[in-house]
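Peer 1: Below are the sequence and a predicted model; questions follow.
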Amino acid sequence: MVSDDVWEEVALPLENMNVYDLVKVLAKILRPVRVISKTRKEYRNGSCLITLDDVRNLGKFIEIEGSENEVKRFANDLGFKISQKQPVYGSMLYFLEKEGKIKFRFEEMLDELKAMED
C-alpha cells in the first residue's frame, strides 16, 4: 500500500510454477497477509474488457478496463457513474481486516491455494 487511499499493484506471471509451493517458500521470509478469493467471468465489448467478480468477504463487482473515454461511456451505458468506483480488492480487504471485521489465517490461505492447484 502506498498510502491510505492509493494502492499500487503489480501482477507478474507464474509460468510453470506451483502457486501453493511458492507461497510456502515465501512464507519462510515474508509474512503472509491474505489471499483474495474470487470467481471471475470476463467479457469483451469493443476494446473494453469487462469482468464480473464475486469476491469472498466483499461481494460482487464489475470491472471495466479500456481507454478512459470508453470506460466512462460503457459505465454510463450500464447506468454506473465513475464516481461510484471502489478501491482495489486488496485495499478494501486490508481496511476490513484493520477494522476487525474479517481475519485471515495462514492455514486457510494455504488450504485455498492447494484447492486451486488441484
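Peer 2: Cool, got the structure.
Peer 1: average model confidence for the longest helix seen in the chain?
Peer 2: Longest helix of the chain, by residue count under DSSP state H: helix 106-117. Mean pLDDT, computed over helix 106-117, is 71.
Peer 1: and what of stretch 84-98?
Peer 2: 85.
Peer 1: Distance from the chain centre to that stretch, please.
Peer 2: 9 Å (Cα atoms, centre = their mean, to the nearest Å).
Peer 1: Now do the buried residues in it.
Peer 2: 89, 91-94, 96 (16 or more other Cβ atoms under 10 Å). From N, CA and C alone the C-beta is placed, and that goes for glycine too.
Peer 1: again, but for stretch 75-82
Peer 2: Ala75.
Peer 1: Compute the first-to-last residue distance for that stretch.
Peer 2: 7 Å (Cα to Cα, to the nearest Å).
Peer 1: quick one: which of the buried residues of stretch 84-98 is nearest Leu110?
Peer 2: For the buried residues of stretch 84-98, the closest approach to Leu110 (Cβ to Cβ) belongs to Leu93, at 17.4 Å.
Peer 1: which residues touch that closest one?
Peer 2: 34, 36, 57-58, 102 (Cβ atoms under 8 Å, 6 or more residues apart in numbering).
Peer 1: How far off centre is the longest helix of the chain?
Peer 2: That offset, for helix 106-117, works out to 16 Å (Cα atoms, centre = their mean).
Peer 1: name the helices or strands packed onto it?
Peer 2: Helix 106-117 sits against helix 19-26, with contacts defined as 3 or more Cβ pairs under 8 Å, 6 or more residues apart in numbering; DSSP states H and E.
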